[in-house]
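J.: coords below, sequence missing:
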DNA sequence: TTGACATTGACAGCACACTGACTATCTGTA
DNA sequence: TACAGATAGTCAGTGTGCTGTCAATGTCAA
């Protein structure tokens, strides 16, 4: 008989939901959600990407990115600027406030990780990362554009 | 520097998205989504639960269950019946069609599992299940009601 | 130069997950 | 018995993620 409780998809969804909820608790005071945090963290690594570039780097759908940017822009963490060469595109830049939040939010992420993975050893965590990377599958590699 | 790519939450979300998409592909011909399949599979195990019982068994929010049941009812896979003792509650029953689909959909789930975990050995898969159970955290155990 | 095709971002529509509020009903206790 | 508090289910609102469509713009070959 089929047992959904053993299904990898089911377990992934429950583990993901718990991770999401814990992260959400940690960053709630700053009015952010986990996907918003993830988008910010890509910008801390490299500022000024277009929406399509962010979409590829973060493996997030183009239309989802649009909404995330809307909300982060409304909260004053980033801004859309016209692309100097391509009038179709926007470049997304952190505001001063967005840059300042890096340290605080990174600390929140650290606490979340601690709480989520409290039941796993350092080695198990490494193993888990490796296996999740495999499940994640091949992904497009983002190249920093030359322009 | 903080690297989101190593974050367990981020990896979980991407692995989950891929698993969801693959499962979705397999069951698309039957007009179902992965959460709908999960709900059905709980009913194959035990028919006639209330929405709250399904919610606890599946770790799905009460209000989310409502929508899932709406859609499955609309597609003729299950039906709400009045609870004989409790006029607030509904008991959820599979229709004949819902029962008939078990074999077909279980086969889809098998193919999905194959595709999702193609890069992992049997042992790794076991290890992954164990670790995801730990991440999932404590969960309320569902007791079959005596009534 | 023009016309075909691709790309970017906006938008609408759907599923789903959560919160919090609400109604109807049940239950335990005074 | 009456009432306070608990419980079942719904609804509205928000956020996320997908598909599909559209207008504006860019690119390239004829």
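T.: Here it is on my side, so go on. Quick caveat, the model's predicted, so the values are computed rather than measured.
J.: Show me what from chain A comes close to DNA strand D.
T.: In this structure, chain A approaches DNA strand D at residues A:33-36, A:60-64, A:67-68, A:71, A:86-88, judged by Cβ under 7 Å from any atom of the strand. (C-beta placed from N, C-alpha, C; glycine too.)
J.: Looking at these, which one is closest to residue B:42?
T.: Of all the residues of chain A next to DNA strand D, residue A:34 has the smallest distance to residue B:42: 27.1 Å, by Cβ to Cβ.
J.: Pretty sure that closest one sits against residue B:7.
T.: No. Between residue A:34 and residue B:7 no contact is recorded; they are 9.4 Å apart, counting by Cβ atoms under 8 Å.
J.: among the residues of chain A next to DNA strand D, which ones are buried?
T.: The neighbour-count test (16 or more other Cβ atoms under 10 Å in any protein chain shown) applied to the residues of chain A next to DNA strand D identifies A:33, A:34, A:35, A:36, A:60, A:68 as buried.
J.: what's the farthest-apart pair in the residues of chain A next to DNA strand D?
T.: Across those, the longest distance by Cβ to Cβ is 33.0 Å; it joins A:34 and A:87.
J.: Where does the spatially most central residue of chain A fall, secondary structure wise?
T.: Taking Cα atoms, centre = their mean, the centroid of chain A lies closest to residue A:38, which sits 2.1 Å from it. With secondary structure defined by DSSP states H and E, residue A:38 is part of helix A:34-45.
J.: Going toward the C-terminus from that helix, what's the next helix or strand?
T.: Downstream of helix A:34-45, the next assigned helix or strand under DSSP H and E is strand A:49-50.
J.: Do whichever helix or strand comes after that following strand and DNA strand C come into contact?
T.: Sequence order places helix A:51-57 as the next helix or strand after strand A:49-50, per DSSP H and E. Yes. Contact of helix A:51-57 with DNA strand C (Cβ under 7 Å from any atom of the strand) involves A:51, A:52.
J.: now the helices: where do they sit in chain A?
T.: Taking DSSP state H as the test, the helices found in chain A are A:8-27, A:34-45, A:51-57, A:62-74, A:96-116, A:122-136.
J.: Can you list the buried residues in the last one?
T.: Right, the one you point to is helix A:122-136. Within helix A:122-136, the residues scored as buried using 16+ other Cβ under 10 Å are A:127, A:128, A:131, A:132, A:133, A:134, A:135, A:136.
J.: Tell me if I'm right that the third one and residue B:128 touch.
T.: What that stands for is residue A:131. Yes. Shown here, residue A:131 and residue B:128 form a contact pair, counting by Cβ under 8 Å, at 5.1 Å.
J.: Mind listing the shared neighbours of the two?
T.: residue B:120 (Cβ atoms under 8 Å, 6 or more residues apart in numbering or on different chains).
J.: which residues of chain A score low on pLDDT?
T.: Residue ranges of chain A with pLDDT under 70: A:138-147.
J.: Output the set of residues of it in proximity to DNA strand C.
T.: Counting by Cβ under 7 Å from any atom of the strand, the positions of chain A adjacent to DNA strand C are A:13, A:17, A:21, A:50-52, A:62-63, A:66, A:69, A:80, A:83, A:86, A:88-90.
J.: top of those by neighbour count?
T.: Compared across these, residue A:13 has the highest neighbour count, 22 neighbours, by other Cβ atoms under 10 Å in any protein chain shown.
J.: was I right about that one contacting residue B:17?
T.: No. The pair residue A:13 / residue B:17 is not scored as a contact, 10.2 Å apart, by Cβ under 8 Å.
J.: residues contacting residue A:36?
T.: Going by Cβ under 8 Å, 6+ apart, the list of residues near residue A:36 reads A:68, A:71, A:72.
J.: One more: residue A:109?
T.: Applying Cβ under 8 Å, 6+ apart, the residues near residue A:109 are A:23, A:26, A:37, A:41, B:2, B:7.
J.: separation between the nearest residue to residue A:6 once chain neighbours are set aside and residue A:87?
T.: Closest residue to residue A:6 in three dimensions, ignoring its sequence neighbours and counting by Cβ to Cβ, 6 or more residues apart in numbering or on different chains: residue B:129, at 6.7 Å. Distance, residue B:129 to residue A:87, using Cβ to Cβ, to the nearest Å: 51 Å.
J.: Many thanks, I have nothing further to ask.
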